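Undergrad: what follows is a protein structure lacking sequence information:
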């Protein structure tokens, strides 16, 4: 199978759309609060993303906001004819285009939705069950996916993993038959994730190096339990989704003491301070390390492990991000143990 932007569009539009229905209450004007959230997300990504990833601000920032009846396209010039311009918006700094809703209004994904451009497709906060700051930082997470997909060799490299198994739709990325229910593998995963947590929590102590060696040893045991293709899938998920989750956490850490949100944002009813938001994001990650299991949570476990691995790498090998786009998918290559 040859992975393409067209196939990615099919994957995400079919998989993530749901049958949830909501009342029809939208007008053709984008809500002021939604504009503010989008503006803040773009501002955070553009002003602070480069401190985590080089050229973070070079990725396209096309975004479709999906409401109950209407989709609003922002930050993309010359879209397809189905989109109609409603004019330039000074808050988002973009021409805004609309069309009748096609995607689920609780959607949250990035894929080549318009003109082959990686596009964030997202529902409003109330439909995605995300408070304001969570929604904003999630957009930054999705912008990292735009950076991934925009690499010139991304699709070729994914195809070279040879994980499709004859699936020509691309759905293998989501439903690959990883042995989540294998008891030996799931038991070893528990040891692995706990070792990752312990290693991260010791990053400011003399125990870090010994804990890191233990983690890498547990990782090697986990690898030996997997087939070559299963390990490639695991590695791909750590690389793509786990390190996107890491990016959320690092951006939250970077901005908590220096970012000055607009008064309009802080006046929102569900706004929380950036310091408390960062503390909550980190505690949530550690809680998931304790509670997630392969049998119950499947693929999302790799988001948690990948995020922890990124945080560990910051201590183990500062500057590891320089290898991220040249040594794809196998994150063990980024470690340097003294």
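TA: Okay, I see it. None of these values were measured; they are calculated from a predicted model. Residues are numbered from 1 along each chain as shown.
Undergrad: quick one: the helices in the chain, in order.
TA: Secondary structure of the chain (DSSP state H): helices located at 5-16, 32-48, 125-128, 132-149, 154-160, 172-175, 183-201, 208-225, 228-237, 243-255, 263-266, 274-291, 294-297, 301-316.
Undergrad: now do stretch 154-169, average pLDDT.
TA: Taken as a whole, stretch 154-169 has a mean pLDDT of 86.
Undergrad: which parts of it are buried?
TA: Neighbour counts over stretch 154-169 (16 or more other C-beta atoms under 10 Å) mark 154, 155, 158, 161, 163, 164 as buried. In this view, the C-beta of every residue, glycine as well, is placed from N, C-alpha and C.
Undergrad: and residue 47, how many neighbours does it have?
TA: Residue 47 has 14 neighbours, counted by other C-beta atoms under 10 Å.
Undergrad: so how far is residue 251 from it?
TA: Distance, residue 47 to residue 251, by C-beta to C-beta, to the nearest Å: 10 Å.
Undergrad: kindly report the same for residue 121.
TA: Taking C-beta to C-beta, one finds residue 121 at 20 Å from residue 251.
Undergrad: again with residue 87
TA: Residue 87 sits at a distance of 31 Å from residue 251 (criterion: C-beta to C-beta).
Undergrad: more neighbours: those two, which one.
TA: Neighbour count, other C-beta under 10 Å: between residue 87 and residue 251, residue 251 has more, with 27 against 7.
Undergrad: these two touch, right, that one and residue 52?
TA: Yes. Using C-beta atoms under 8 Å, residue 251 is in contact with residue 52, at 6.2 Å.
Undergrad: which positions within stretch 50-61 qualify as buried?
TA: Applying 16+ other C-beta under 10 Å to stretch 50-61 flags 52, 53, 56, 57, 59, 60, 61 as buried.
Undergrad: ignore what I typed, I meant stretch 110-121.
TA: The neighbour-count check on stretch 110-121 (16+ other C-beta under 10 Å) flags 110, 111, 112, 113, 114, 117, 118, 119, 120, 121 as buried.
Undergrad: let's have those residues in TSV, adding distance to residue 311 and pLDDT.
TA: Shown next, in TSV, are those (distance: C-beta to C-beta, whole Å; pLDDT from 0 to 100):
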residue	distance to residue 311	pLDDT
110	23	94
111	27	91
112	30	92
113	31	93
114	34	95
117	31	95
118	26	95
119	29	97
120	24	98
121	28	98
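Undergrad: so which of those residues belong to strands?
TA: Among these, the residues falling in strands (DSSP state E) are 110, 111, 112, 113, 114, 117, 118, 119, 120, 121.
Undergrad: low-confidence ranges in the chain?
TA: When residues are selected by pLDDT under 70, those of the chain lie in 1-28, 168-170, 337-338.
Undergrad: need the residue in it that's farthest from the chain's center.
TA: In the chain, the greatest distance from the average C-alpha position (C-alpha atoms, centre = their mean) is reached by residue 206, at 32.0 Å.
Undergrad: give me every residue that touches that one.
TA: The contact partners of residue 206, by C-beta atoms under 8 Å, 6 or more residues apart in numbering, come to none.
Undergrad: okay, it and residue 214: tell me how far apart.
TA: With the distance defined as C-beta to C-beta, residue 206 ends up 14 Å from residue 214.
Undergrad: same check on residue 253?
TA: According to C-beta to C-beta, residue 253 and residue 214 sit 25 Å apart.
Undergrad: and if you look at residue 97?
TA: Following C-beta to C-beta, the distance that separates residue 97 from residue 214 is 53 Å.
Undergrad: who's more crowded, the two?
TA: A direct count of neighbours by other C-beta under 10 Å for residue 97 and residue 214 places residue 97 higher, at 22 against 15.
Undergrad: was I right about residue 172 contacting residue 162?
TA: No. If you go by C-beta under 8 Å, residue 172 and residue 162 don't touch, sitting 10.4 Å apart.
Undergrad: can you list the residues that contact stretch 186-199?
TA: Identification of contacts with stretch 186-199 by C-beta under 8 Å, 6+ apart yields 180, 208, 211-212, 214-215, 218-219, 221-222, 225, 286, 289-290, 292-295, 301, 304-305, 308-309, 312.
Undergrad: again, 6 Å this time
TA: Stretch 186-199 has contacts (C-beta atoms under 6 Å, 6 or more residues apart in numbering) with 211-212, 214-215, 218, 221-222, 225, 289, 294-295, 305, 308, 312.
Undergrad: break the chain into its domains for me.
TA: Domain assignment for the chain, taken from automatic domain parsing, gives 5-23+30-155, 177-334.
Undergrad: quick one: the last one to chain centroid distance?
TA: It refers to domain 177-334. 12 Å (C-alpha atoms, centre = their mean, to the nearest Å).
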